[in-house]
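1. I need the structure of the sequence given here:
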Amino acid sequence: MALMPQVPHSADKKVRESADALAIALRANFDGAALVEAVRELSSRADIVQLPVDAQGIWEAGLRGEKLDAAQASARNVVARAQFLDSTLSARDTAELLGLDQSTVRHYSSSGALHSFVHKGRLRFPRWQFVGSEVLPGLSEVLADLSDGVHPQMVEGFFTSENADLVVETCQYTPAQWLAEGRDPLPVARQIASLGMII
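-> Okay, the predicted model is just below:
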């Protein structure tokens, strides 16, 4: 793998300041350091899977209906990935949130009771699967039908996007909202089973 060129200290400082300004302008929930890290990861293509541009519309509502050139799509992918990683919890933070020890959280991850993925050798747990300090009701039943290898951003998009098949009195629900209200997980499980075949 090619090494990233060394950036002079003064230039590196300007990059960080610009990234901070961009994060503020975007009203993002991540700082410039996270954005710079995401750009570096995109450049190196190491230790992270990248969501194909044509699949972004499934989980990133801001891209729906837009025709983007490759540069725009790539830039938005960097920002979206930084936001996504910022919205996840470590095993320790997840254990604290749920009032469990880390070994139990890791067991829940390996058994499919919680959704997680590995980033830089560490488990990360997306926040969408929690309501307060509880796991979404019925989540383990739904995750049992999730195919292996589906990109975690796509999984998040599935759970956080309104779904035309989850409707009550003309109100569309996201799968996460549907489960949070204690509704039958079966319709969500049926849909997630084909998630890996969408692309």
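2. So which residues of this structure form strands?
-> If DSSP state E is used as the criterion, the strands of the chain fall at 88-90, 117-119, 122-126, 130-131, 134-135, 163-168, 171-173.
3. ok, and what's touching the longest one?
-> In this case it means strand 163-168. Outside strand 163-168, the residues that touch it by Cβ atoms under 8 Å, 6 or more residues apart in numbering are 172-175, 178, 183, 187-188, 191. For every residue, glycine as well, the C-beta is placed using N, CA and C.
4. Now do the buried residues in stretch 153-171.
-> For stretch 153-171, burial by neighbour count (16 or more other Cβ atoms under 10 Å) applies to 153-161, 163, 166.
5. and those, which of them are in helices?
-> When DSSP state H is applied, these are split such that 153-160 fall in helices.
6. check contacts around the closest residue to residue 136 other than its chain neighbours.
-> What sits nearest to residue 136 in space, not counting adjacent residues and going by Cβ to Cβ, 6 or more residues apart in numbering, is residue 179, at 4.4 Å. Going by Cβ under 8 Å, 6+ apart, residue 179 touches 136-139, 142, 185, 188.
7. got the contact list for the closest residue to residue 89 other than its chain neighbours?
-> Spatial nearest neighbour of residue 89, excluding adjacent residues (Cβ to Cβ, 6+ apart): residue 125 at 4.7 Å. Residue 125 sits next to 88-91, 93-94, 105, 109, 114-116 when contact means Cβ under 8 Å, 6+ apart.
8. same thing but at 7 Å, please
-> 88-89, 94, 114, 116 (Cβ atoms under 7 Å, 6 or more residues apart in numbering).
9. Just the closest of the residues you listed to residue 81, please.
-> residue 88 (11.1 Å; Cβ to Cβ).
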